[in-house]
Structures are given as structure tokens and as C-alpha cells.
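> I need the structure of the sequence given here:
(chains A and B)
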Amino acid sequence: MTALATDRVPSDAQIHIGAVGKIFARRGRTTEALRDVHLDIREGEFVSLLGPSGCGKSTLLRLIGGLAEPDEGAITIEGFEPRRARALKMFGLVPQAPALLPWHTVAKNVRFLTDVHSRGNGPAVLDDAGIDSLLATVGLSAFTHSLPHELSGGMQQRVSLVRAFALGAPILLMDEPFAALDEITRADMRYLLLDLWQRTGATVVFVTHSVAEAVILSDRVVVMAPRPGRVVTIEEISLPRPRTPDMEDAPEFHAHVQRLRADLRSSHS
Amino acid sequence: MTARGVMRLIAPIVGVVGFLALWQLYVVLWDVPAFKLPRPTTIIDHLRSDPGFYVRNARTTLWEAFLGFAVAFAIALVLAIFMAHSRFLDQAIQPIAVLIQVTPIVAYAPVVVIWRGFGLQSIVVITAFVCFVPFLLNGVRGLRSVDANLLELAQSVNATRREILMRLRLPSALPYLFAAARIAVGLALIGAVLGEFFGSNSGLGYAIKVAQARPNLRMQLWGSIYVLAFMGAATMLLIGVLERVALRWHSSERT
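Residues are numbered from 1 along each chain as shown, chains lettered A, B, ... in the order given. Reported below is the predicted structural model:
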């Protein structure tokens, strides 16, 4: 555990998480959601938080995004407190469910994050042409005037992705965005996401419980364990960029998957 | 129009006409005296004999019902917005809403007339009272029905309370408010008619009150009932149309 504190603290870290702890108290019972978490994330990096439910990965994501406060330690985003970074619209959030406004068309839904608190929009916010191009990339050009209920689950989640990217935010926070999708749709979504990410160069913090998903997407995978929620190990993924579907058959990919599975198992016992 | 659409249009008409036909048949076959239960055709003939009287009184009653409905909606929505944001206000006001709902309106209508005086004001207050509770309770529930993921999404870009209200809470509450409006339409007519019993000398409620005591005006009783039923059905239909247009996005509008 103590070794993690010195694991790697690159000076150019964009997101700095130092000795963070979080405790939930409910009806007199307390749960240690996170204990002594150290993590530094570089600008433009794709980092996955991998672990079983209850390991605090979603909590950590919410702490980074300034949607909750840590009880111990501190988090800084380019030197700002998370709440300040939130007010500066530095985060594009992709929640678990697509969470689209059912009364708005796709075209208006992808504008939701930029329209709200619009004075806070950063310089990188996308114009209409930029958003149209993103919609084309994810194959939704023909659906801009559709209502969410007219779309499939996969299409809805693609709208949610475009909405986050439209903000032009330097950091994207994704909370198991593909968890509700079927396996085949899910596999496609990974490469769509990588496509979008490579165009923007944003930092991505991606919460998942799928080992394969974490490996194929990430530069680094942070393995977490529950009771108390903590970081067990951090795995550097050596697959080259851009990632392609055939890499999922490469021995390197399987070596990563095996190692991560072993890490997950050992943290359980 | 699809076969299903045609059926949707025709089935209710068949139902209503069938009901009136059974009524007519019952009166004719069992030879029921007209002062007990007149034939529907007789009632309709009576309405045609003096349409001016019914149009005049229907207008009065409809206007009172509309005012009470609108006042109730406006006050309830404002209160609901406060209650949706404050658990304390919610818990403090809920029991008052329950009290208003469980106290029979007939019991306190005379007091309202003493308070606001004979005439329109009293009737609007009585009508607003009966319509108020469905709007309030549904409003609070609707404003609170926003998807938690959407709320968090709005927070992630520092949305203000006002923005969350305008962009998320109010649109989410719309289906709930329409459901309340459907209930309130019927209640508004009850309120207006009842208000006229106690505090007016015009309107269909007054026409009923007058006719009740005079055997020679018995047909006026039935005429008023028919006009009230027609008015209720027509406003319900209007709300249905508005709902279909406004809630095109909502799951309840999908077949």
C-alpha cells in the first residue's frame, strides 16, 4: 500500500489525487468507500478504473468531478479544486444511463452541456459544424431530429458521448457508459469512443468492470478492490495506438487480461 | 387513417349512443313516467326549445370553472416548486393539502360565501379549493421525478437551481400536471356548480337549484345535467388533445 504513494508522480500530472479517503455513513453504519488513494493522471491520458462493485470506482470518479467531497486528502485538477474546475466546465460527464432529455431532439440533446451555465463554456466548445461532424462520426447524422425514444440503446449512448465531447472539455469522466448495452453493440462502441477521443486529445477517466474493455481502451488500468475501496495496482498497457479490433486477438492483449484478472482475484481473497 | 384509428374514433360514439338507446328503451318498455325519468329524446327536444338559456348559463359556469382551475394551477405550481426544493416545506404543507382534500367541499362552501360574499369571487375560491390538491401533489411529485443521472449531469457543469428548474424539473413535471388537469377538470365543474348553489343567481348550478324545488321546471334539471356532461366531456377532450401535442416525447403517448 505505501509503495503506491511513490508509484509514479509525474510532475506534469493534470489530475492529482493525494491520500484520498471517503466514508459513507448511513443509519449509524459507516462504509469506507475509499482509503488512501493516490493517483496521478497526465493530460491526454486514457485511464480506466477497474474493479468489482463496491470498490469505490464510481465514487472516485465523482470526487474527481467535484460532485462529492473527499473526507481525507485532496484532489486538484490543473491546480484547481474539483468544484472550481466544475464551474470552469472542465468535465464532460458520460453517466451510466444515457440520461437524455426525452423531450428534446438529438440535435438539442447534444447541446445540453454547452447550453447549461453557458457563460462558463471554455474556449474549446464545439460549434455547430464541429458537433455535426461528431454526429457523423458516430453515424447519427440522419437522426438529428429524432427524439430519444425513437433510438436504440446503443444510439442513445452515442448521443450521450457526443454531448460530452461537444463541450470541448479537457477531461471526460465516464461512469460505465456501456454497461447497459449488449455485447456486440458494446464492442463497436469501444472503437467509436477511441475515434472521438483521438480527435480531441482529452483526458479520459473511464470506470468499468470489464477487463477486456479496460485493456483495449486504456493507457493505464487502475485495479481497485472493495472493503475498503482502494487501489490495488496500476497496469500500464503496452498495446500501440491506434487500437484496432484485431488487437483483441493478440497475445499481448491476452497477457494483460490474464494479469489483470489475477490482480482482481488476489485482491478478493 | 388506420383501421385502429377509425376504431378509436368510432368506439366511444357507439358506447355513448348505445347507452342513451338503452335508457330510451328502458323508459319506453317499462313505461316509466316522465317526471321520474324522461326519455333522452325528450331532454334533447327540451334543450332545443330554449338553447339561449342554456348557452348563457353554461358560459357563466364554464368561466367560473376555468377561473378556479387556473387560480388553483398557478398557486399550486408555485407552492410545489418551493416544496420540491425544501423537505421542510414539503412536510409542513402536505398535511394542509390532505386536510383540504378530506374535508367535504359542501361543508365549507357556505363559509367561503360568508367570507368572500355572494357572487363570482366565492365561486372561484370554492372551485380553486377543490382543484388545488391534485395540482399540488402531482406537481411536487413531477418536479421531483427528474432522473438522478440528469441531475448529476447538470451539476457536472455547475447548473444553477433555476436552470435545473427550467430545463429539467418543469418539463419532467409536465406529464404529472396533465394527469392532475384531467382530474381537476371534473372537480372544477363540481366546484362551480356547488358554488352556484350557495352563492349565485346564475349558471347551471343555480338553474338546477331553482328547478329542484319546482315540478314545472323538472326538464330544466335534466337539461342542465346534459349540458354539464357535455361541457365536461368537451374540456376533457381538449386537454387530451393538448396533452398529445405537448407530450409527444413521453412514453404514455406511445401506442
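
> Tell me the residues of chain B that contact chain A?
Of all the residues in chain B, those in contact range of chain A (CB under 8 Å from any CB of the partner chain) are B:147, B:149-150, B:152-160, B:163, B:167-168, B:171, B:174, B:248-251, B:254. Yep, even glycine has a C-beta here, placed from its N, CA and C like the rest.

> In ChimeraX, how would I select the buried members of those?
This is the ChimeraX syntax for the buried subset of the residues of chain B next to chain A, where burial follows 16 or more other CB atoms under 10 Å in any protein chain shown:
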select /B:147,149,150,152,153,154,155,156,157,158,159,163,167,168,171,174,249,250
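
> Can you list which of the residues of chain B next to chain A are found in strands?
Using DSSP state E, no member of the residues of chain B next to chain A falls in strands.

> Okay, buried residues for stretch B:105-118 please.
Within stretch B:105-118, the residues that qualify as buried by neighbour count (16+ other CB under 10 Å) are B:I105, B:A109, B:V112, B:V113, B:R116.

> C-alpha coordinates for it, CSV please?
Taking Å, rounded to 0.1, in the frame of the first residue of the first chain, the C-alpha atoms of stretch B:105-118 are listed here in CSV:
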residue,chain,number,x,y,z
ILE,B,105,-66.3,20.9,-0.1
VAL,B,106,-70.0,21.1,0.6
ALA,B,107,-69.2,21.6,4.3
TYR,B,108,-67.1,24.7,3.9
ALA,B,109,-68.7,26.3,0.8
PRO,B,110,-71.2,28.3,2.9
VAL,B,111,-68.3,29.8,4.9
VAL,B,112,-66.5,30.8,1.8
VAL,B,113,-69.6,32.6,0.7
ILE,B,114,-69.8,34.4,4.0
TRP,B,115,-66.1,35.3,3.7
ARG,B,116,-65.9,36.4,0.0
GLY,B,117,-69.6,37.5,-0.4
PHE,B,118,-72.3,36.5,-2.8
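
> List of residues touching it?
Here stretch B:105-118 makes contact (CB atoms under 8 Å, 6 or more residues apart in numbering or on different chains) with B:122, B:125-126, B:129-130, B:190-191, B:194-195, B:197-200.

> Chain A: which of the buried residues of stretch B:105-118 is nearest?
Within those, distances to chain A taken as CB to the nearest CB reach their minimum at B:I105, with 35.1 Å.

> Okay, that closest one and A:P228: tell me how far apart.
B:I105 sits 58 Å away from A:P228, taking CB to CB, to the nearest Å as the criterion.

> Roughly how far does the most far-flung residue of chain A relative to its centre sit from chain B?
Among the C-alpha atoms of chain A, the one most distant from their mean position (CA atoms, centre = their mean) is that of A:G28, at 31.8 Å. As defined by CB to the nearest CB, to the nearest Å, A:G28 lies at a distance of 20 Å from chain B.

> which residues does that residue contact?
Under the criterion of CB under 8 Å, 6+ apart, A:G28 has no neighbours.

> Can you read off the pLDDT for it?
With respect to pLDDT, A:G28 has a value of 81.

> Point out where the chain drops to low pLDDT.
Because you didn't say which chain, this covers chain A. Residue ranges of chain A with pLDDT under 70: A:1-11, A:268-269.

> I was after chain B.
Across chain B, residues meeting the criterion (pLDDT under 70) sit at B:1, B:251-255.

> ok, which stretches of it are strands?
Listed in chain order (using DSSP E), chain B turns out to have no strands.

> now the stretch 51-200 of chain A
In the stretch 51-200 of chain A, the strands defined using DSSP state E, counting those that start in this stretch lie at A:72-77, A:91-94, A:171-175.

> deepest of the ones you listed, which one?
Each of those was scored by mean neighbour count; the highest is strand A:91-94, a mean of 27, by mean count of other CB atoms under 10 Å in any protein chain shown.

> That one pairs with which strands?
Each strand that pairs with strand A:91-94, with its direction, by DSSP bridges: strand A:171-175 (parallel).

> is it true that A:Q14 lies in a strand?
Yes - according to DSSP: H, G, I helix; E, B strand; the rest coil, A:Q14 belongs to a strand.

> Once you drop chain neighbours, what's closest to it?
Closest residue in space to A:Q14, ignoring its immediate chain neighbours: A:E43 at 4.2 Å, by CB to CB, 6 or more residues apart in numbering or on different chains.

> which residue packs closest to the residue sitting nearest the centre point of chain B, ignoring adjacent ones?
Using CA atoms, centre = their mean, the residue of chain B that lies closest to the mean C-alpha position is B:V185, 1.1 Å off. Closest residue to B:V185 apart from its sequence neighbours, by CB to CB, 6+ apart: B:T235 at 5.0 Å.

> Right, I'll call it a day here.
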